Each structure stands twice: as C-alpha cells, then as structure tokens.
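Colleague: Give me a model of this one.
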Amino acid sequence: MYCKETCTLTKGLSLAETFNNLDKKNGYKSVDNEWENINRISDKSSLNIEDIVPYHFNNTLSVGKIDGTKVLEENRKKYNSKYNTFTQYLLYCARNLFQKSNAKLESHNTGSSIGTGIISIEDVLSAANNFLSSDAKQRKKVSPHFIPKILPNMAASNLHINYKFQGPILTSSTACATGTQSIIDGYRYLDNMKDDDPEIENMIVGASEAAGHAISLAGFQRVRALSTTGISRPFDLARDGFVLSEGCGLMLLSRVDNQLLKKDDICIVGSGLTSDGYHLTSPLPDGDGGYRAMKKALRSVEKNDTDNKITVYVNCHATSTKTGDLSEIKAIIKMFGSNPRYTVYVASSKGALGHSLGASGAIECCVCYETLKTGVIKPTKNLHSIDPEISNILPENIRILTENDGSIKLDKIDYAINNSFGFGGVNSCLVLAKL
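Modeller: Modelled structure (predicted):
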C-alpha cells in the first residue's frame, strides 16, 4: 500500500518543522501558575493558542499546545460553535495534506479512517454547566451542536462533508493506540476490499486529539501517569511520567498496483494488532503484548526479506513512564535481540513532542515516513542517562539513541516501525518501507 503523502499538526505545525525540531527543542513548556488558570482552555475565545496551559499539584507539570494562532483563529467565527477543537485541528491538517498531494481525490474514490482518543471534554463540561445551572434560562443554552461535537466519528464526517467525499468512514478509539490503529484499519480496508469495493482508491488515515483540559490532567494525575517535573524523557533514569500534548497526524494512502510503484516510494508492508488481557492502565511486565503485535506486523518481512543484514528503526510508544518504557524494550529485545541479522535503532518522539494520546501514533507514523524519506534517525530528546534496568539488558544489535547521540544519517534504513500501546492493553504496530 503506497503512502502518498503525510502531514502533521504539532508544536511545529508542519511535518517538516516537527521532524526538524525533534532533536532541538521541546514541543511543550512548563508554566508555574495557579491551578484555576488552566480553565482558560475551556474558553477558546479568550485563549491565546501559543500559551501553554499552566497546571500543578504541588509540582510543576507541562502541557503542549498547538503553536500559531492561525490554527484556531482561521474561520473561528464561522466554525467554532459547530466544530470541536480536534475537528478544527483535523481540518487544518487535511487542508495542508491535500495541498501537498497531487492525488486525484474524488467523491466516489476516497474514504477515511480517522480516530480520536478522548471525546471533546470541553463541550461535555460546557453542556453540563448549562444543564445543571439553577438558572432556568441557562439550562436551555445546551448547544444544538452538543451531541454532534462529542461523537468520535464527527471529525471524519466533517472532513467528508467539507470535501464531498462519499467513501467509507472508519472511526477507531483505542486510547493511545488510536492513531496507529486508524492507519492500520484504513490500510487493511484498501488491501482487503479491493475486490468488494474496488472504487475506493484512497484512504485518509490518522487521528486528532485536543484533550489538554484541566479534567484530563486531573484524571491522569490520579493514576500517577504525569511527569511531576514537566519533562518527557523516555528511557531515562530520571523519567517520572508523560507530558500531555495535543496534535493531529494524517497520511494519504493510495491503492497502487505493484508494477506502478517507483523507486523511493514509501509503502506500508505490515501491521499487527493485539491486546494484553491484563490490566486497565499497565502493560504486561514482560512486554508480550507489544512483542506479539510486532511479530504479526513483521511476519511478511521475516518471510520474504532474505537479506543477511536488515536495518530497522523503531519509533517507540515510550511515554516516559517507569513500567511502560521497560515493558516495550523487553518486547523489542524479544523480537530482535536473538537475531544478529537485525541492527535496530530505537528512539521515542515523545521526548520532544510529549504525549498527544490518540493522535500520538499517527504523528509518529508520519515521523517514520520522514525518517525513511530522509535517511535521518532523530534521537530521544531529554534522554541523557539510560536507566540501567534498560541498558543492562540491551543486546549489542539494539541501540537506543540519546540526546547526546544527536541525529544520525544512514545510507539505508530497511524498515521503520511504529509502536502504539493504549490503556486497556491495546497494542498496535505498523511497518513502513522505502522501495
């Protein structure tokens, strides 16, 4: 399956900016201010998007917000009452995606697979505040757009309405695995339905997330998932939780006959989905769920690739939590550690970008695309001292790139792998390759 084009909306706005900044600066900031100020995010009319939401529970925490007032300011008066924030992110990102692509996207041949991890909390709170008011007039102010704004499929539906697409809409909401699973769902639809639905030649795939709200932070804080230092540092000895951020990542997938593919085209060559069946918020300690997802995704690679040496880049889910990072490394070691034909470079984009929940996997799949396109592997921002519990079990053929390593340029990267794991034990893995 040919990946025609990609686009992201993160701290850097575009994929090129995002990719270039992965080893240069954090896409989030810490603002030591009063707890009440975070509620400004509920009032978009008074929110300067370049501000970072301030928040703390006796410690300093960080949130990454989208830079550039144009993202929400454009068409705000026209769309703000109609579209929730993650839909606005999606439409902005989609417009940039279509401008970059020369694909023939027509109403009859284009569908989508777009998800979100958390519905629009700000709209739920706004409706609840109106509905529970002691003022009878206020109770009648529940927006007629309330229900459409909290439905997970509405981001994709509004995309189809705006561009008159009439292909299928697939919507995934599998916590932090949403973005990668949405891409997998779209990829599999194109691949598996070529006989039953041959008209569909393109799928817009990815995810959008705008969950940077006080209640989200309070909830994640209660399960002790957030960093109390305000820094995302996957695999580091000092890691203490993730930094919440927002964003959108999209890919345009096109069904293309193999004989029409050209040198340097980037394609999806494998995918894997599993679940842990273990715990609501913790992964299997031995990483078996992630390992099985990678094993499934790499099945065709292991069967068909006869090269003696294979270079692999893994963009880890690694969110900077103690248990999650270690579990994923164990999965990677189980997958590659006993096979010397693999040389594996490991990094996490979340060091620079924070964790945008459902959108994170989609953004990171776009990073994988850019890695294959450029041959440049970006390191893990803020990783200075690898946790000995991790470094002591690493085999020689697996290397975690630290900030001190900087970016590395390779002549050949055979495969780029993106892992995304979510609450509830959801595991997804996508494999891309450059022809």
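Colleague: just the strands in the stretch 101-250 of the chain please.
Modeller: 110-115, 169-170, 202-209, 244-245, 247-254 (DSSP state E, counting those that start in this stretch).
Colleague: Likewise for the stretch 251-400 of the chain?
Modeller: With DSSP E, counting those that start in this stretch as the criterion, the stretch 251-400 of the chain has strands spanning 266-275, 310-315, 342-347, 376-377, 398-400.
Colleague: Output those in TSV; the columns should cover mean neighbour count.
Modeller: C-beta: built from backbone N, CA, C; applies to glycine. Shown next, in TSV, are the strands of the stretch 251-400 of the chain (neighbours: other CB atoms under 10 Å):
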stretch	mean neighbour count
strand 266-275	21
strand 310-315	24
strand 342-347	23
strand 376-377	22
strand 398-400	21
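Colleague: Redo those strands as JSON lines? Include distance to residue 390 and mean pLDDT.
Modeller: What follows is those, written out as JSON lines (distance: least, CB to CB, whole Å; pLDDT from 0 to 100):
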{"stretch": "strand 266-275", "distance to residue 390": "22", "mean pLDDT": "96"}
{"stretch": "strand 310-315", "distance to residue 390": "14", "mean pLDDT": "98"}
{"stretch": "strand 342-347", "distance to residue 390": "10", "mean pLDDT": "98"}
{"stretch": "strand 376-377", "distance to residue 390": "18", "mean pLDDT": "98"}
{"stretch": "strand 398-400", "distance to residue 390": "7", "mean pLDDT": "98"}
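Colleague: For the ones you listed, give me JSON lines that also has distance to residue 99.
Modeller: Output for those, formatted as JSON lines (distance: least, CB to CB, whole Å):
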{"stretch": "strand 266-275", "distance to residue 99": "19"}
{"stretch": "strand 310-315", "distance to residue 99": "25"}
{"stretch": "strand 342-347", "distance to residue 99": "29"}
{"stretch": "strand 376-377", "distance to residue 99": "24"}
{"stretch": "strand 398-400", "distance to residue 99": "36"}
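Colleague: just checking, residue 390 touches residue 328?
Modeller: No. Using CB atoms under 8 Å as the test, residue 390 is too far from residue 328 to be in contact (9.7 Å).
Colleague: neighbour count winner among those two?
Modeller: More neighbours surround residue 328 than the other of residue 390 and residue 328, with 29 against 20 (other CB atoms under 10 Å).
Colleague: measure the nearest residue to residue 105 once chain neighbours are set aside to residue 102 for me?
Modeller: Distances taken as CB to CB, 6 or more residues apart in numbering place residue 202 nearest to residue 105, at 5.8 Å, with adjacent residues excluded. Residue 202 is 12 Å from residue 102, where distance means CB to CB, to the nearest Å.
Colleague: next one: residue 121
Modeller: 38 Å.
Colleague: Show me the beta-bridge partners of the residue nearest to residue 298 when sequence neighbours are not counted.
Modeller: Of all residues not flanking residue 298 in the chain, residue 270 sits nearest, at 5.8 Å (CB to CB, 6+ apart). Judged by DSSP bridges, the bridge partners of residue 270 are residue 431.
Colleague: Quick check: residue 270 touching residue 431?
Modeller: Yes. Using CB under 8 Å, residue 270 is in contact with residue 431, at 3.8 Å.
Colleague: what's the overlap in contacts for these two?
Modeller: Common contact partners of residue 270 and residue 431 (CB atoms under 8 Å, 6 or more residues apart in numbering): 297, 298, 301.
Colleague: want to throw these into a markdown table with pLDDT and neighbour count?
Modeller: Output for these, formatted as a markdown table (pLDDT from 0 to 100; neighbours: other CB atoms under 10 Å):
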| residue | pLDDT | neighbour count |
| --- | --- | --- |
| 297 | 97 | 26 |
| 298 | 96 | 24 |
| 301 | 82 | 17 |
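Colleague: Now intersect the residues you listed with the helices, please.
Modeller: Taking DSSP state H as the definition of helices, the shared contacts of residue 270 and residue 431 contribute 297, 301.
Colleague: Buried residues in stretch 303-310, which are they?
Modeller: Going by neighbour count (16 or more other CB atoms under 10 Å), the buried part of stretch 303-310 is residue 310.
Colleague: quick one: it to chain centroid distance?
Modeller: Relative to its chain's centre, stretch 303-310 lies at 29 Å (CA atoms, centre = their mean, to the nearest Å).
Colleague: Contacts for it, please.
Modeller: 301, 341, 342, 343, 414, 415.
Colleague: residue contacts, the residue most central in space within the chain?
Modeller: Nearest to the geometric centre of the chain sits residue 360, at 1.7 Å (CA atoms, centre = their mean). By CB under 8 Å, 6+ apart, the contact set of residue 360 is 176, 179, 209, 247, 317, 350, 353, 420.
Colleague: Give the buried subset of these as a PyMOL selection command.
Modeller: Entered in PyMOL, the line below selects the buried ones among those, by 16+ other CB under 10 Å:
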select buried, resi 176+179+209+247+317+350+353+420
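Colleague: How much space separates the residue sitting furthest away from the middle of the chain from residue 130?
Modeller: Among the C-alpha atoms of the chain, the one most distant from their mean position (CA atoms, centre = their mean) is that of residue 136, at 41.9 Å. Applying CB to CB, the value for residue 136 to residue 130 is 11 Å.
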